[in-house]
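*Asks:* test case, fold it:
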Amino acid sequence: MFYQVSIVMGIFIISTSDVARSITAGANILAFFPLPIYSHFSGFNPLFLELANRGHRVTVVSPFYPKGDVPNTYQHVPIPNIKIQRNTKQNLIDIRHAYRVSNMINVQRSMMKTVKRTLMLNETRTFLNNTRNSFDVVLVECWYSDIYLALGHRYSAPTVCLSPMTPPVTLSQSLGIPDHPAYVPSFWLRYSDFMSFSERLYNAAIAVAELIVSKVVFHYENQKMLVDLYTYPGHQNCPPLDELRRTVQLTLVNGHYSVSYPRPYPPNVVQVAGMHMRSKTSTFVDKKFKALLDGAVHGVIYFSFGSNLKMSDLAERDVQVFVESFRKLKQIVLWKWENGTIANLPDNVYIDKWFPQQYILSHKNCKLFITHGGYHSLVEALHIGLPLIGFPFYTDQYYNMRFVIENGFGIEISLDHLNLKVLDDALGNILNNISYKNNAQRASNIFLDLPVSAMDAAVYSVEYLIRNGVNHTSPVSTSLSWYQYFVIDIMVFISVIIALTTLVLYKSIKYLKKIINLKDKKLK
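*Replies:* Model (predicted):
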């Protein structure tokens, strides 16, 4: 690992030279991010802005507008925010009760429907069919949306896959990322990298189930979407989806070994967790709000379930548990609440539809973050060294909170087991036991102790691809068939040799015994 980091550091120094800059200056870059998931966009938009700041012409297709000052070389192509279609009978608060496999299938189906709708938009088709557009490199989100990889074919440009969290096993297999179920836990589960036999068995079963679901249930539909929905000039010659996955030159993963369980990645996969972090001075806040935080002598607690979960979907009983527990605290509580007001709200609790999360978490008076366990929230907390209380609901949140608990900088509470005593005890433990803060600070020190920042590593990787056209660090495993990758052919060959050798030995011994028996009979 140190050797790889040293290489990255050395290459980055070279890349900042005037020669390297002259080669890559002014490249045309497309960032295709049409999905209506703000947390995914906000995680990578800082990269798009930084590329524009460094002189590249960056075109961003997204339903979300960038905030703050935007460079002149950053062009936003707006498309409608179509919203993700979900099962109307089940909100995201209740999805925690879903079985893991059904949850996995539902997420994939929901993503596929959403991707389909983004490609059917008139604005999207108009942009893709515009023959005047030309790009040197294409950046696309590929977390269950790898049909967007066709844009590399559309513009005859190298493709960069942007993964907002750990890549699913189907994508890992296509990108040559080792995903061994013996030590790489699925993010659909709450396992660590040290698994018991039964956990390894179930982890392997989940990996196989996802591969089967992808190949059997969704492969035909995805391929049909690829053929039917793209109408750009030359779309008839677009390679199949499996081949498009293998053409990915670079993958940027929102991950880091200090914020999740370590796993192997090939050289063309770069971990960039924390890239979206802004400096405290770059965030504008109201003077009254700043004064509120500065004057919180007993500290501040921030409570948010992110941009996808709505607090108003919580049962009234659960809401009142939070209210009554917060009432006992000396600390100020900032509660992200989307709709209306909350009954019996105590004076130390402030609610709003939106808070400047990074600013709050980085404030010296912030003592605790109550979260849903999303990866961005985990990264932002550990960037500061802040302990957590987590209420996981779906996808990787259980996996993230398992990591938090094992490393001693947080507590997990199931919403099904929430009551006043459970919440009071958790708050008391975090606020009064310094070990949680110390462990969070230790993880933060590891997270921040890098030879280059996540942003610099990401920018260098993209510019390297622009300079060289082809990333020679791609592993050959991407071109192997499944039986070659898992050495099934070799195992079959060895098994046949062993079987034939055993058969020959058996026949030989049997023949020798027969001869010996004949000689014994003649002697008698």
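
*Asks:* please make it C-alpha for all contacts and neighbour counts, starting now.
*Replies:* OK.

*Asks:* what residues of stretch 410-427 count as buried?
*Replies:* 410-413, 415, 419-420, 423-424, 426-427 (16 or more other C-alpha atoms under 10 Å).

*Asks:* how about stretch 211-221?
*Replies:* Across stretch 211-221, burial judged by 16+ other C-alpha under 10 Å covers 211, 213-214, 218.

*Asks:* of the buried residues of stretch 410-427, closest to residue 402?
*Replies:* The closest of the buried residues of stretch 410-427 to residue 402 turns out to be residue 412 (C-alpha to C-alpha; 8.1 Å).

*Asks:* and the buried residues of stretch 211-221, which of them are in helices?
*Replies:* Those of the buried residues of stretch 211-221 mapping onto helices are residue 211, per DSSP state H.

*Asks:* among the buried residues of stretch 410-427, which lie within helices?
*Replies:* If you go by DSSP H, these have 420, 423-424, 426-427 in helices.

*Asks:* for the stretch 1-150 of the chain, which segments count as helices?
*Replies:* Ranges of helices within the stretch 1-150 of the chain are 2-15, 18-24, 38-53, 100-120, 122-129, 150-154, based on DSSP state H, counting those that start in this stretch.

*Asks:* next one: the stretch 351-500 of the chain
*Replies:* 357-362, 375-384, 397-406, 420-432, 434-448, 454-468, 482-485, 488-523.

*Asks:* could you dump those helices to JSON lines with distance to residue 312?
*Replies:* Listed next are these as JSON lines, based on distance: least, C-alpha to C-alpha, whole Å:
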{"stretch": "helix 357-362", "distance to residue 312": "19"}
{"stretch": "helix 375-384", "distance to residue 312": "20"}
{"stretch": "helix 397-406", "distance to residue 312": "20"}
{"stretch": "helix 420-432", "distance to residue 312": "19"}
{"stretch": "helix 434-448", "distance to residue 312": "30"}
{"stretch": "helix 454-468", "distance to residue 312": "35"}
{"stretch": "helix 482-485", "distance to residue 312": "46"}
{"stretch": "helix 488-523", "distance to residue 312": "52"}
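
*Asks:* between these, which one is nearest to residue 322?
*Replies:* Between residue 322 and the helices of the stretch 351-500 of the chain, the tightest spacing by C-alpha to C-alpha is seen for helix 420-432, at 7.6 Å.

*Asks:* state the distance from residue 53 to residue 60.
*Replies:* 14 Å (C-alpha to C-alpha, to the nearest Å).

*Asks:* typed the wrong thing, it's residue 138
*Replies:* Distance of residue 138 to residue 60, computed by C-alpha to C-alpha: 10 Å.

*Asks:* common neighbours of the two, please.
*Replies:* Common neighbours of residue 138 and residue 60, using C-alpha atoms under 8 Å, 6 or more residues apart in numbering, are 30-32.

*Asks:* quick one on the thing from earlier: which one's more surrounded, residue 53 and residue 60?
*Replies:* residue 60 (24 against 16; other C-alpha atoms under 10 Å).

*Asks:* so the more buried one makes contact with residue 32?
*Replies:* Yes: between residue 60 and residue 32 there is a contact at 6.0 Å, judged by C-alpha atoms under 8 Å.

*Asks:* now the strands for the stretch 201-350 of the chain?
*Replies:* Along the stretch 201-350 of the chain, the segments classed as strands by DSSP state E, counting those that start in this stretch run 250-253, 269-271, 300-303, 332-336, 349-352.

*Asks:* identify whichever of those strands lies nearest to residue 477.
*Replies:* Nearest to residue 477 among these is strand 269-271; the distance by C-alpha to C-alpha comes to 13.7 Å.

*Asks:* average pLDDT for that closest one?
*Replies:* Mean pLDDT, strand 269-271: 94.

*Asks:* what's in contact with that strand?
*Replies:* With contacts defined as C-alpha under 8 Å, 6+ apart, strand 269-271 is touched by 250-256, 454, 457-458, 461.

*Asks:* buried stuff in it?
*Replies:* Using 16+ other C-alpha under 10 Å as the test for burial, strand 269-271 gives 269-271.

*Asks:* that one pairs with which strands, parallel or anti?
*Replies:* Partner strands and pairing direction for strand 269-271 (DSSP bridges) are strand 250-253 (parallel).

*Asks:* walk me through the domains of this protein.
*Replies:* As given by the TED database, the domain ranges for the chain are 26-275+453-482, 287-448, 487-523.

*Asks:* what's stretch 192-210 in contact with?
*Replies:* The contact list for stretch 192-210 (C-alpha under 8 Å, 6+ apart) reads 101, 104, 169-170, 181-186, 189, 191, 261, 399, 402-403.

*Asks:* now with 7 Å?
*Replies:* For stretch 192-210, contacts defined as C-alpha atoms under 7 Å, 6 or more residues apart in numbering pick out 169, 181-186, 261, 402-403.

*Asks:* columns distance to residue 335 on top of the buried residues of strand 269-271, output as TSV?
*Replies:* As requested, the buried residues of strand 269-271 are arranged in TSV below (distance: C-alpha to C-alpha, whole Å):
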residue	distance to residue 335
269	37
270	35
271	31
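
*Asks:* distance of residue 321 from residue 342?
*Replies:* 12 Å.

*Asks:* more neighbours: the two, which one.
*Replies:* Per other C-alpha under 10 Å, whichever of residue 321 and residue 342 has more neighbours is residue 321, with 18 against 14.

*Asks:* my read: that one touches residue 420, true?
*Replies:* Yes: between residue 321 and residue 420 there is a contact under C-alpha atoms under 7 Å: 5.5 Å.

*Asks:* burial of the closest residue to residue 222 other than its chain neighbours, as a residue count?
*Replies:* In this structure, residue 222 finds its nearest non-sequential neighbour in residue 147, 7.0 Å apart by C-alpha to C-alpha, 6 or more residues apart in numbering. Residue 147 has 25 neighbours, counted by other C-alpha under 10 Å.

*Asks:* was I right about residue 147 contacting residue 227?
*Replies:* No: with contact defined as C-alpha under 7 Å, residue 147 does not reach residue 227; the gap is 10.2 Å.

*Asks:* and residue 442, what is it in contact with?
*Replies:* Listed by C-alpha under 7 Å, 6+ apart, residue 442 has no contact partners.

*Asks:* for it, give its distance to residue 80.
*Replies:* In terms of C-alpha to C-alpha, residue 442 sits 43 Å off from residue 80.

*Asks:* shaky segments in the protein?
*Replies:* Flagging of the chain using pLDDT under 70 yields the residue ranges 1-25, 85-100, 279-283, 471, 519-524.
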